[in-house]
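**Student:** build me a structure from this.
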Amino acid sequence: MTNPSPRPEILTIHSYVAGESDIPGANRTVKLSSNEGAFGVPPLAQAAIVAAASGAYRYPDGGAGRLRSALGVRWGLDPARIVCGAGSDDLLYQFCLSYGGPGRDIIMSAHGFSIYRIAGTYAGSRVIEVPERAMTADLDAMLAAVSPATRLVFLANPNNPTGSMLPEREVARFRAALPPEVLLVLDSAYAEYVTHPAYDAGAKLVDATDNTVMTRTFSKIYGLGGMRIGWCYAPPGIVDVLNRVRGPFNVSVAAQAAAIAALAEPGWVEKGQAHNAEYRPRLAAGVEAAGLKVWPGEGNFVMVDLGTAGMADAADLFLRGRGIIVRKIGGYGLPQCLRVTVGTAEEVGLAVDGFADFMRQSRG
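**Tutor:** Reported below is the predicted structural model:
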């Protein structure tokens with residue numbers, strides 16, 4: 001007799017490794033490992049979560065109608081073209097399962113979000129990881145990797161963990177050069193933090209084509225990572241596919257209530273944007289002043305390059321000794337780098353001091 005066995009490719013998947021939250025024995029932990037919003041949960045969303053508790057015995061609205069309407073108002077989009085999920089990664093899985101599969105290739109950049117590789121392999125696709133140029137997706141190389149088997153391309157903009165951003169015109173050029181049967185998924189999880197004038201989160205391209213999707217999340221600037229809620233804006237045909245295959249109640253009662261309330265929190269996004277616009281450059285400049293390279297990027301994090309995996313490991317250990325958790329990203333093919341979230345003003349200062357002291361120590 002033999003035990004049940006999965007498809008062989010499943011055993012090639014390395015489990016997703018989330019950012020750590022605690023350091024055993026530390027009096028205080030400063031978590032800068034998961035790119036969570038600096039200000040926590042919006043007050044209106046906190047109240048909505050509490051109020052939703054009494055109705056948690058009811059199934060949620062499977063179509064998330066009120067939330068889709070609120071998103072439509074907030075971003076000027078047609079609610080009928082929005083689908084919600086348990087985090088945007090829920091939707092990424094559905095794209096892979098619906099448009100990927102055996103004999104269908106998926107293309108991503110080498111340092112793209114690891115869920116693309118995990119979900120694509122789970123679906124039975126061959127996932128092609130295209131080398132980047134200067135820590136930025138090489139769009140021409142990605143186009144060269146397209147074959148008759150290609151059905152799905154993932155492009156995070158800004159990218160996690162590198163922070164690189166592609167201008168709207170380059171993304172539009174890329175879409176125009178892809179075959180029409182290839183679905184382009186623009187993962188815009190960090191869109192709310194971007195203030196660069198050349199950037200567009202993807203809604204314009206979705207409106208202009210019938211083969212492009214934009215995904216978004218409430219896990220970053222809206223501070224609702226623990227509620228697991230994301231959404232996408234897509235052409236009607238793709239919306240129809242997602243509604244056929246997604247879980248029937250994939251967004252909980254509390255998550256929907258929290259997201260609707262977060263959208264209504266006065267000045268919340270603007271507060272997060274302003275803080276990030278001030279403190280991301282401060283974090284980068286402080287780390288660079290210590291003698292380390294920081295790759296340019298957008299989002300609410302910076303990627304610090306320590307040159308070697310050994311130096312990155314040593315810096316991580318040193319920071320942990322001070323109760324500061326950053327993100328090791330060897331799983332993204334970047335063992336020499338650490339990703340550091342832009343936390344509160346105090347947390348940014350602690351991170352800068354930590355890197356400076358580490359470099360002083362390493363120089364002897």
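**Student:** so where's the chain shaky on pLDDT?
**Tutor:** Across the chain, the ranges flagged by pLDDT under 70 are 1.
**Student:** domains of it?
**Tutor:** Split into domains by automatic domain parsing, the chain comes to 8-31+268-362, 43-264.
**Student:** okay, those domains, which one's buried deepest?
**Tutor:** Per residue and on average, the most neighbours among the domains of the chain fall to domain 43-264, with a mean of 20 (mean count of other Cβ atoms under 10 Å). For glycine as for every other residue, the C-beta is placed from the backbone atoms N, C-alpha and C.
**Student:** tell me what the longest helix along the chain is packed against?
**Tutor:** In the chain, taking DSSP state H as the definition, the longest helix is helix 268-289. When contacts are defined as 3 or more Cβ pairs under 8 Å, 6 or more residues apart in numbering; DSSP states H and E, helix 268-289 packs onto strand 293-295, strand 301-305, helix 345-362.
**Student:** G37: which of the domains of the chain is closest?
**Tutor:** Across these, G37 has its closest neighbour in domain 43-264 (3.9 Å, Cβ to Cβ).
**Student:** between the two ends of the closest one, how far is it?
**Tutor:** Distance across domain 43-264, first residue to last, is 10 Å (Cα to Cα, to the nearest Å).
**Student:** next: stretch 102-117.
**Tutor:** Stretch 102-117 has an end-to-end distance of 14 Å (Cα to Cα).
**Student:** same check on stretch 283-302?
**Tutor:** Distance between the boundary residues of stretch 283-302 (Cα to Cα) amounts to 8 Å.
**Student:** which residue ranges of the stretch 151-300 of the chain form helices?
**Tutor:** 168-177, 203-208, 236-245, 253-264, 268-289 (DSSP state H, counting those that start in this stretch).
**Student:** turn those into a markdown table, columns for distance to S125.
**Tutor:** Compiled in a markdown table, the helices of the stretch 151-300 of the chain are given as follows (distance: least, Cβ to Cβ, whole Å):
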| stretch | distance to S125 |
| --- | --- |
| helix 168-177 | 20 |
| helix 203-208 | 23 |
| helix 236-245 | 16 |
| helix 253-264 | 29 |
| helix 268-289 | 35 |
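**Student:** out of the ones you listed, flag the one nearest S188.
**Tutor:** helix 203-208 (8.9 Å).
**Student:** distance of the residue positioned nearest the centre of the chain from I325?
**Tutor:** Closest to where the C-alpha atoms of the chain average out (Cα atoms, centre = their mean) is A189, at 4.6 Å. According to Cβ to Cβ, to the nearest Å, A189 and I325 sit 20 Å apart.
**Student:** picking up where we left off before, of the helices of the stretch 151-300 of the chain, which approaches A309 most closely?
**Tutor:** So among those, helix 268-289 is nearest, using Cβ to Cβ, at 18.0 Å.
**Student:** which residues does the closest one contact?
**Tutor:** Applying Cβ atoms under 8 Å, 6 or more residues apart in numbering, the external contacts of helix 268-289 come out as 37-39, 42, 192-193, 195, 221-222, 262, 294, 300-302, 304, 340, 342, 345, 348-349, 351-352, 355-356.
**Student:** please apply the same query to stretch 301-315.
**Tutor:** Under the criterion Cβ under 8 Å, 6+ apart, residues 35, 135, 160-163, 280, 283-284, 287, 292-295, 297, 326, 328-330, 334-342, 355, 358, 362 lie in contact with stretch 301-315.
**Student:** L91 and I324, how far apart?
**Tutor:** From L91 to I324 the distance is 32 Å (Cβ to Cβ).
**Student:** revised request: answer the last question for F218.
**Tutor:** Separation of F218 from I324 (Cβ to Cβ) stands at 26 Å.
**Student:** same check, this time on N27
**Tutor:** With Cβ to Cβ as the criterion, N27 and I324 are 12 Å apart.
**Student:** please apply the same query to R7.
**Tutor:** Separation of R7 from I324 (Cβ to Cβ) stands at 41 Å.
**Student:** residues in contact with V326?
**Tutor:** Under the criterion of Cβ under 8 Å, 6+ apart, the neighbours of V326 are 32-33, 304, 316, 319, 338-341, 351.
**Student:** among those residues, which two are most distant?
**Tutor:** Across the contacts of V326, no pair lies farther apart than D316 and T341, at 14.0 Å, counting by Cβ to Cβ.
**Student:** so A26 lies in a helix, does it not?
**Tutor:** No - under the criterion used here (DSSP: H, G, I helix; E, B strand; the rest coil), A26 is coil, not part of a helix.
**Student:** next, I106: secondary structure please.
**Tutor:** Relying on three-state DSSP, one would call I106 strand.
**Student:** I figured it hits E129, correct?
**Tutor:** No - using Cβ atoms under 8 Å as the test, I106 is too far from E129 to be in contact (9.7 Å).
**Student:** which helix or which strand is home to the residue nearest to A258 when sequence neighbours are not counted?
**Tutor:** Closest residue in space to A258, ignoring its immediate chain neighbours: A45 at 4.3 Å, by Cβ to Cβ, 6 or more residues apart in numbering. Taking DSSP states H and E as the criterion, A45 maps to helix 43-52.
**Student:** helices or strands up against that helix?
**Tutor:** Packed next to helix 43-52, using 3+ Cβ pairs under 8 Å, 6+ apart, are helix 253-264.
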